[in-house]
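**Q** Sequence isn't available, so here's the structure alone:
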């Protein structure tokens, strides 16, 4: 803001101006009253000697009021427009006042000790936690995140996003040693024979699969087609096939029951050997690992991957937009984002050690920032004050402290009157 530019007005200036006007009126009324009383006392004094005391009081009160009026006015402007020395003090010393104000703020308000004391008193961690728990602030955070997300999504080119996801996936797969990872996973499963659960589950699923009617019928037909020595008359081949299949099912049931009950069953031992063999090949067999690497490369280059990535990006984008488009007061799945924010805020509020950590971090970084920018802030404040035009500066100071200065005038009127009365009384007693 330049000296000739517009100056901002605060919303409560009108109230302050009214209070200042009332204080000025009271001080002027007291001066005028003293003048009226003095005139009346001097006029009626010949017939009433005691009015000399009243005249002495009111005369001295006028002198005190006028002297203090001159002192107050001289701070802001030239009394009656006469450029007397040491008047309009604030305007004449604006630069020095601005520099002193900047230095005062640097040394008093922005000292390291004061900043650390303020952080400790303010306790920002706890205040942030309380702020986050308020429902209106949760909605404000949600709205802010939604605004940021919408802007980011609007600026993202879908083709570039898909290409980025594809490159990231390709880079990740390229650097991932799938064989070694799979081998270690198998080793982890085999440590406590947890891989045997896989065998149990596989056998159970196989048995349940074979129980389906359509599967049983298809197996019966398959067995019948391979029994050329059995005539098909009266569906004899199917009957024989069904009988054979039932025997196979019974045998499978017996095997499954035996495997479940015998933890040292031969099938389990064969499965242990198979897992160990596969794990060794995954980790050490160069040919086997090369085949896995080739499968990775084929997967990366598969055109279907690009289609899947495009669907992934579109789905992610749609989900994000669906979350941020929700409105305050909504319930149900659409409130997922608000629920997440609320749970995070509640979790944060219930962790005083986290509040203390935040305060410690602020306290550790604040001194360096204050030391770095303290002089800059002081110079900035001084420059802002210097840039204000004289009328605005005087108006703002007078609005904020002018009312108190008017009470100096009122006090000067009363004190001057009392001093005048004391001097008049002493003079009379001495005569």
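**A** Received, thanks. None of the values given here were measured: they were computed from a predicted structure. Numbering: from 1, shown residues only.

**Q** any idea how this structure splits into domains?
**A** Domain ranges of the chain: 13-92+388-430, 159-301, per automatic domain parsing.

**Q** so which of the ones you listed gets nearest residue 350?
**A** Judged by CB to CB, the one of the domains of the chain that comes nearest to residue 350 is domain 159-301, at 35.3 Å. C-beta: built from backbone N, CA, C; applies to glycine.

**Q** Please compute how far that closest one lies from its chain's middle.
**A** 51 Å (CA atoms, centre = their mean, to the nearest Å).

**Q** do stretch 56-63 as well
**A** Stretch 56-63 sits 64 Å away from the centroid of its parent chain (CA atoms, centre = their mean).

**Q** One more: stretch 22-33?
**A** Distance, centroid of stretch 22-33 to centroid of chain: 53 Å (CA atoms, centre = their mean).

**Q** Show me what the mean pLDDT comes to for that stretch.
**A** In this model, stretch 22-33 has a mean pLDDT of 94.

**Q** May I have the residues that are in contact with residue 183?
**A** The contact partners of residue 183, taken as CB atoms under 8 Å, 6 or more residues apart in numbering, are 278-283.

**Q** ok, now how distant is it from residue 195?
**A** 13 Å (CB to CB, to the nearest Å).

**Q** before we move on, back to that, which of the contacts of residue 183 fall within strands?
**A** Using DSSP state E, the subset of the contacts of residue 183 located in strands is empty.

**Q** Kindly give a single ChimeraX line that selects the buried subset of those.
**A** Selection of buried members from the contacts of residue 183 for ChimeraX, criterion 16 or more other CB atoms under 10 Å:
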select :279,281,282,283
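
**Q** which one of the contacts of residue 183 is nearest residue 113?
**A** Closest approach to residue 113 among the contacts of residue 183 (CB to CB): residue 283, at 61.9 Å.

**Q** Pretty sure that closest one sits against residue 179.
**A** Yes: the pair residue 283 / residue 179 is scored as a contact, 6.8 Å apart, by CB atoms under 8 Å.

**Q** Okay, residue 47 and residue 41: tell me how far apart.
**A** On the measure of CB to CB, residue 47 and residue 41 end up 12 Å apart.

**Q** between those two, which one's more packed in?
**A** residue 41 (20 against 7; other CB atoms under 10 Å).

**Q** Any buried residues in stretch 107-124, and which?
**A** Under the neighbour-count criterion of 16+ other CB under 10 Å, stretch 107-124 has 110-111, 115-116, 119, 124 buried.

**Q** ok so, going back, how about the domains of the chain, which one is nearest residue 345?
**A** It is, among those and with distance given as CB to CB, domain 159-301, at 30.4 Å.

**Q** Just give me the residue right at the centre of the chain.
**A** residue 141 (7.2 Å; CA atoms, centre = their mean).

**Q** got the contact list for that one?
**A** Contacts of residue 141 (CB under 8 Å, 6+ apart): 132, 341.

**Q** any idea which element it lies in?
**A** According to DSSP states H and E, residue 141 maps onto helix 135-155.

**Q** next one: residue 55
**A** helix 51-76.

**Q** Mind checking the pLDDT average for that helix?
**A** Averaged across helix 51-76, the pLDDT comes to 93.

**Q** And stretch 246-261, by the same measure?
**A** Stretch 246-261 carries an average pLDDT of 74.

**Q** and that stretch, which residues are buried?
**A** For stretch 246-261, a neighbour-count test (16+ other CB under 10 Å) marks 256, 259 as buried.

**Q** Identify the residues contacting it?
**A** For stretch 246-261, the external contacting residues (CB under 8 Å, 6+ apart) are 199-200, 203-204, 206-207, 210, 265, 267-268.

**Q** Scan those residues and report the most crowded one.
**A** Of all those, residue 199 has the most neighbours under the rule other CB under 10 Å, reaching 19 neighbours.

**Q** host element of the residue nearest to it when sequence neighbours are not counted?
**A** Nearest residue to residue 199, sequence neighbours excluded (CB to CB, 6 or more residues apart in numbering): residue 271, at 4.9 Å. Assigned by DSSP H and E, residue 271 belongs to helix 266-284.

**Q** continuing past that helix, what's the next helix or strand?
**A** In N-to-C order, the element after helix 266-284 by DSSP H and E is helix 286-301.

**Q** helices or strands up against that following helix?
**A** Under the contact criterion of 3 or more CB pairs under 8 Å, 6 or more residues apart in numbering; DSSP states H and E, helix 286-301 touches helix 158-175, helix 178-191, helix 266-284.

**Q** Low-confidence ranges, the chain, go.
**A** 1-11, 173-176, 189-194, 216, 219-242, 245, 300, 323-336 (pLDDT under 70).

**Q** same thing but 50
**A** Residues of the chain that meet the criterion pLDDT under 50 lie in 1-8, 229, 234, 328, 331-334.

**Q** quick one: the helix or strand harbouring residue 39 to helix 51-76, angle?
**A** Here residue 39, judged by DSSP H and E, is contained in helix 13-44. Interaxial angle of helix 13-44 relative to helix 51-76 (axes from the mean of the first three to the mean of the last three CA atoms, to 10 degrees): 150 degrees.

**Q** And helix 13-44, what's buried?
**A** In helix 13-44, counting by 16+ other CB under 10 Å, buried: 16, 20, 23-24, 27, 30-31, 34-35, 37-38, 41.

**Q** can you check stretch 403-422 too?
**A** So, applying 16+ other CB under 10 Å, buried residues of stretch 403-422: 403, 405-406, 409-410, 412-413, 416-417, 419-421.

**Q** Report how many residues lie close to residue 309.
**A** Residues near residue 309, counting by other CB under 10 Å, number 19.

**Q** related to what we said a few turns ago, which strands and helices sit next to the helix holding residue 271?
**A** Identification of packing neighbours for helix 266-284 by 3+ CB pairs under 8 Å, 6+ apart yields helix 178-191, helix 195-210, helix 236-261, helix 286-301.

**Q** Make JSON lines from those and add distance to residue 92 to it.
**A** Below are these laid out as JSON lines (distance: least, CB to CB, whole Å):
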{"stretch": "helix 178-191", "distance to residue 92": "81"}
{"stretch": "helix 195-210", "distance to residue 92": "92"}
{"stretch": "helix 236-261", "distance to residue 92": "103"}
{"stretch": "helix 286-301", "distance to residue 92": "79"}
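
**Q** Quick one: closest of those helices to residue 310.
**A** Of all the helices and strands packed on helix 266-284, helix 286-301 comes closest under CB to CB, at 15.5 Å.
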